[in-house]
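Enquirer: Predicted model follows, preceded by the sequence.
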Amino acid sequence: MGGCCQNFCKEFKAFALRGSVIDLAIGIIIGTAFVNVVQSLVDDVITPPLGLVLGGVDFVNLTIKMKNFVYKNQPPVVIRYGKFIQTIISLLIVALALFFVIKAINKVHKLATRKKAGKEGEELVQLEMDDQVKVLCEIRDLLAKQAITTTR
(Lines give C-alpha, C1' and ligand atoms only; values in the text may rest on other atoms or scores of the structure.)
Protein backbone atom coordinates (compact mmCIF):
# COMPACT_ATOMS: atom_id res chain seq x y z
CA MET A 1 0.00 0.00 0.00
CA GLY A 2 2.80 2.44 0.93
CA GLY A 3 4.73 1.54 -2.23
CA CYS A 4 1.74 2.35 -4.41
CA CYS A 5 1.35 5.77 -2.80
CA GLN A 6 5.07 6.51 -3.14
CA ASN A 7 4.97 5.48 -6.79
CA PHE A 8 1.99 7.74 -7.42
CA CYS A 9 3.71 10.64 -5.63
CA LYS A 10 6.88 10.17 -7.69
CA GLU A 11 4.91 10.08 -10.95
CA PHE A 12 2.86 13.13 -10.00
CA LYS A 13 6.00 15.04 -8.96
CA ALA A 14 7.66 14.20 -12.30
CA PHE A 15 4.53 15.35 -14.14
CA ALA A 16 4.09 18.56 -12.15
CA LEU A 17 7.73 19.57 -12.42
CA ARG A 18 7.85 19.16 -16.18
CA GLY A 19 8.52 22.50 -17.83
CA SER A 20 5.30 22.61 -19.84
CA VAL A 21 3.04 22.25 -16.79
CA ILE A 22 4.89 24.94 -14.86
CA ASP A 23 4.89 27.22 -17.92
CA LEU A 24 1.15 26.70 -18.30
CA ALA A 25 0.52 27.56 -14.65
CA ILE A 26 2.62 30.72 -14.91
CA GLY A 27 0.81 31.66 -18.12
CA ILE A 28 -2.58 31.27 -16.46
CA ILE A 29 -1.54 33.41 -13.49
CA ILE A 30 -0.11 36.15 -15.71
CA GLY A 31 -3.17 35.97 -18.00
CA THR A 32 -5.52 36.37 -15.05
CA ALA A 33 -3.58 39.38 -13.79
CA PHE A 34 -3.60 40.87 -17.30
CA VAL A 35 -7.37 40.45 -17.57
CA ASN A 36 -7.83 42.18 -14.21
CA VAL A 37 -5.67 45.10 -15.35
CA VAL A 38 -7.61 45.39 -18.62
CA GLN A 39 -10.92 45.22 -16.74
CA SER A 40 -9.81 48.07 -14.48
CA LEU A 41 -8.61 50.02 -17.53
CA VAL A 42 -12.02 49.69 -19.14
CA ASP A 43 -14.10 50.26 -15.98
CA ASP A 44 -12.06 53.09 -14.48
CA VAL A 45 -10.27 54.80 -17.37
CA ILE A 46 -11.99 54.24 -20.72
CA THR A 47 -15.73 54.13 -20.09
CA PRO A 48 -16.05 57.14 -17.72
CA PRO A 49 -14.72 59.64 -20.32
CA LEU A 50 -16.62 57.80 -23.06
CA GLY A 51 -19.79 58.15 -21.00
CA LEU A 52 -19.04 61.84 -20.49
CA VAL A 53 -18.66 62.35 -24.26
CA LEU A 54 -21.94 60.51 -24.83
CA GLY A 55 -23.80 62.95 -22.61
CA GLY A 56 -23.00 61.88 -19.07
CA VAL A 57 -23.83 58.20 -19.49
CA ASP A 58 -22.73 55.92 -16.62
CA PHE A 59 -22.11 52.54 -18.23
CA VAL A 60 -22.45 50.67 -14.95
CA ASN A 61 -25.98 51.95 -14.50
CA LEU A 62 -27.17 51.36 -18.08
CA THR A 63 -30.04 48.96 -17.56
CA ILE A 64 -33.36 47.88 -18.95
CA LYS A 65 -36.04 47.19 -16.35
CA MET A 66 -38.61 44.64 -17.39
CA LYS A 67 -41.81 44.34 -15.43
CA ASN A 68 -42.08 40.99 -13.73
CA PHE A 69 -45.18 39.44 -15.31
CA VAL A 70 -44.89 36.09 -13.58
CA TYR A 71 -44.53 37.25 -9.99
CA LYS A 72 -46.25 40.62 -9.83
CA ASN A 73 -45.25 41.30 -6.22
CA GLN A 74 -41.49 40.87 -7.04
CA PRO A 75 -39.22 43.68 -8.26
CA PRO A 76 -38.67 44.10 -12.00
CA VAL A 77 -36.05 42.05 -13.86
CA VAL A 78 -32.99 44.19 -14.62
CA ILE A 79 -30.81 43.66 -17.71
CA ARG A 80 -27.46 45.37 -17.15
CA TYR A 81 -26.34 45.99 -20.71
CA GLY A 82 -23.87 48.69 -19.61
CA LYS A 83 -21.73 46.07 -17.83
CA PHE A 84 -22.04 43.91 -20.94
CA ILE A 85 -20.69 46.76 -23.09
CA GLN A 86 -17.75 47.15 -20.69
CA THR A 87 -17.05 43.41 -20.90
CA ILE A 88 -17.10 43.54 -24.72
CA ILE A 89 -14.60 46.42 -24.66
CA SER A 90 -12.37 44.38 -22.32
CA LEU A 91 -12.60 41.40 -24.65
CA LEU A 92 -11.57 43.52 -27.63
CA ILE A 93 -8.55 44.91 -25.76
CA VAL A 94 -7.41 41.45 -24.64
CA ALA A 95 -7.91 40.07 -28.18
CA LEU A 96 -5.90 42.95 -29.64
CA ALA A 97 -3.08 42.38 -27.13
CA LEU A 98 -3.03 38.65 -27.93
CA PHE A 99 -2.98 39.43 -31.65
CA PHE A 100 0.15 41.55 -31.19
CA VAL A 101 1.81 38.88 -29.03
CA ILE A 102 1.10 36.15 -31.60
CA LYS A 103 2.28 38.43 -34.40
CA ALA A 104 5.57 39.04 -32.55
CA ILE A 105 6.03 35.32 -31.88
CA ASN A 106 5.45 34.51 -35.56
CA LYS A 107 7.97 37.16 -36.60
CA VAL A 108 10.62 35.76 -34.25
CA HIS A 109 9.85 32.24 -35.50
CA LYS A 110 10.28 33.34 -39.14
CA LEU A 111 13.59 35.02 -38.34
CA ALA A 112 14.84 31.90 -36.56
CA THR A 113 13.72 29.72 -39.47
CA ARG A 114 15.48 31.98 -41.98
CA LYS A 115 18.64 31.99 -39.91
CA LYS A 116 18.58 28.21 -39.65
CA ALA A 117 17.87 27.87 -43.39
CA GLY A 118 20.73 30.28 -44.11
CA LYS A 119 23.17 28.12 -42.15
CA GLU A 120 21.95 24.98 -43.91
CA GLY A 121 22.27 26.77 -47.25
CA GLU A 122 25.85 27.79 -46.44
CA GLU A 123 26.70 24.19 -45.56
CA LEU A 124 25.11 23.01 -48.82
CA VAL A 125 27.08 25.59 -50.84
CA GLN A 126 30.26 24.49 -49.05
CA LEU A 127 29.53 20.85 -49.92
CA GLU A 128 28.84 21.79 -53.54
CA MET A 129 32.09 23.76 -53.65
CA ASP A 130 33.93 20.78 -52.25
CA ASP A 131 32.43 18.52 -54.92
CA GLN A 132 33.27 21.04 -57.62
CA VAL A 133 36.82 21.36 -56.37
CA LYS A 134 37.19 17.56 -56.37
CA VAL A 135 35.92 17.31 -59.94
CA LEU A 136 38.21 20.14 -61.06
CA CYS A 137 41.17 18.46 -59.38
CA GLU A 138 40.35 15.20 -61.15
CA ILE A 139 40.11 17.03 -64.50
CA ARG A 140 43.42 18.77 -63.82
CA ASP A 141 45.08 15.46 -62.97
CA LEU A 142 43.68 13.79 -66.10
CA LEU A 143 44.86 16.69 -68.25
CA ALA A 144 48.27 16.55 -66.65
CA LYS A 145 48.52 12.80 -67.34
CA GLN A 146 47.33 13.33 -70.89
CA ALA A 147 49.89 16.11 -71.44
CA ILE A 148 52.68 13.89 -70.10
CA THR A 149 51.72 10.97 -72.35
CA THR A 150 51.43 13.16 -75.46
CA THR A 151 54.80 14.85 -74.89
CA ARG A 152 56.65 11.51 -74.65
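Expert: Yep, that arrived. Source: prediction; values computed, not measured. Residues are numbered from 1 along each chain as shown.
Enquirer: pLDDT-wise, which helix or strand of this structure ranks last?
Expert: Ranked by mean pLDDT, DSSP states H and E, the weakest helix or strand in the chain is helix 2-16, scoring a mean of 77.
Enquirer: So which residues make contact with that one?
Expert: 21-22 (Cβ atoms under 8 Å, 6 or more residues apart in numbering). For the C-beta atoms, the positions are set from N, CA and C on the backbone; glycine is no exception.
Enquirer: How about stretch 79-94?
Expert: Residues contacting stretch 79-94 (Cβ under 8 Å, 6+ apart): 34-35, 38-39, 41-43, 46-47, 57-66.
Enquirer: In PyMOL, select just the buried ones from the residues you listed.
Expert: Provided next is the PyMOL selection string for whichever of these are buried by 16 or more other Cβ atoms under 10 Å:
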select buried, resi 38+39+42+43+46+47+57+59+62
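Enquirer: Among the contacts of stretch 79-94, which are located in strands?
Expert: Among these, the ones falling in strands (DSSP state E) are 64-66.
Enquirer: can I get these in JSON lines with distance to Asn73?
Expert: Formatted as JSON lines, the ones in strands among the contacts of stretch 79-94 follow (distance: Cβ to Cβ, whole Å):
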{"residue": "Ile64", "distance to Asn73": "21"}
{"residue": "Lys65", "distance to Asn73": "16"}
{"residue": "Met66", "distance to Asn73": "15"}
